[in-house]
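J.: I'll drop the sequence and a predicted model, then ask my questions.
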Amino acid sequence: MQRRNFLTLGAALPALALTAKPQPVAAVEFVRLHGHRETMSGLDGQHNLQMNHVYDELRPKSYSDAANPQKRTANVSALYLKIKTAEGIEGLYGPIDNEAALVVDRQLKPFLMGKDALAIEKLWDQMYRQNRHARTGHMMMAISAVDNTLWDLRGRFYNTPVY
């Protein structure tokens, strides 16, 4: 069954849908957490393989652990997305990239305000269709962050895990 047919079927047969009171989105916020962690400098710092590593001049040098690794403290900072309903139910997801957060804040937040937070599939489809660039890049990462946040919110609403 195609997604379009599934969504049409869901709209045509509300008896199949969950019968919960709509939960309008009241706030879309960001939370930045700061902290630190201890790491071992010179130990297991292998690089991630990139597609352009097929070129010798763009490939990093082979990695090997340092003979005497040193402890160090690394400062870390992470941005999380929080969506709240009018009844105070919250969903949280992260960390997300700053670029995706900018798209959420400028483009998706105005769209989401007042919409039913439990209508996740419908919201995803509408976010995906509202921008012709939604199929890749930062827009898709922003949609994904909102989608994951809404699933967390839904799990908290029904008091059940969403895995």
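T.: Great, that's in hand.
J.: remind me, longest helix of this protein?
T.: As assigned by DSSP state H, the longest helix anywhere in the chain is helix 137-158.
J.: outside of that one, which residues touch it?
T.: The contact list for helix 137-158 (C-beta atoms under 8 Å, 6 or more residues apart in numbering) reads 20, 23, 81-83, 85, 89-94, 96-97, 99-104, 107-108, 112, 117-118, 120, 123-124, 127-128, 131, 133-134, 161-162. Bear in mind the C-beta positions are built from the backbone N, C-alpha and C, glycine included.
J.: now the residues you listed: which count as buried?
T.: Among those, those that count as buried by neighbour count (16 or more other C-beta atoms under 10 Å) are 23, 81-83, 85, 89-94, 96, 100-101, 103-104, 107-108, 112, 117-118, 120, 123-124, 127, 131, 134.
J.: residues in contact with Lys115?
T.: Listed by C-beta under 8 Å, 6+ apart, the contact partners of Lys115 are Pro24, Val25, Leu123.
J.: The particular helix or strand that has the last one in it - what's its average pLDDT?
T.: This points to Leu123. Using DSSP states H and E, Leu123 sits in helix 120-129. Mean pLDDT, computed over helix 120-129, is 96.
J.: elements contacting it?
T.: helix 3-12, helix 109-112, helix 137-158 (3 or more C-beta pairs under 8 Å, 6 or more residues apart in numbering; DSSP states H and E).
J.: Quick check: beta-bridge partners of Val31?
T.: Tyr80 (DSSP bridges).
J.: Per-residue pLDDT of it, please?
T.: Val31 is given a pLDDT of 97.
J.: about what we covered before: tell me which of the helices and strands packed on helix 120-129 sits most buried.
T.: Burial of the helices and strands packed on helix 120-129 is given as mean neighbour count (mean count of other C-beta atoms under 10 Å); helix 137-158 ranks first at a mean of 20.
J.: between that helix and helix 120-129, how big is the angle?
T.: Following axes from the mean of the first three to the mean of the last three C-alpha atoms, to 10 degrees, one obtains 170 degrees for the angle between helix 137-158 and helix 120-129.
J.: for helix 137-158, the distance to its chain's centre please.
T.: In this view, helix 137-158 has its centroid 5 Å away from the chain centroid, taken as C-alpha atoms, centre = their mean, to the nearest Å.
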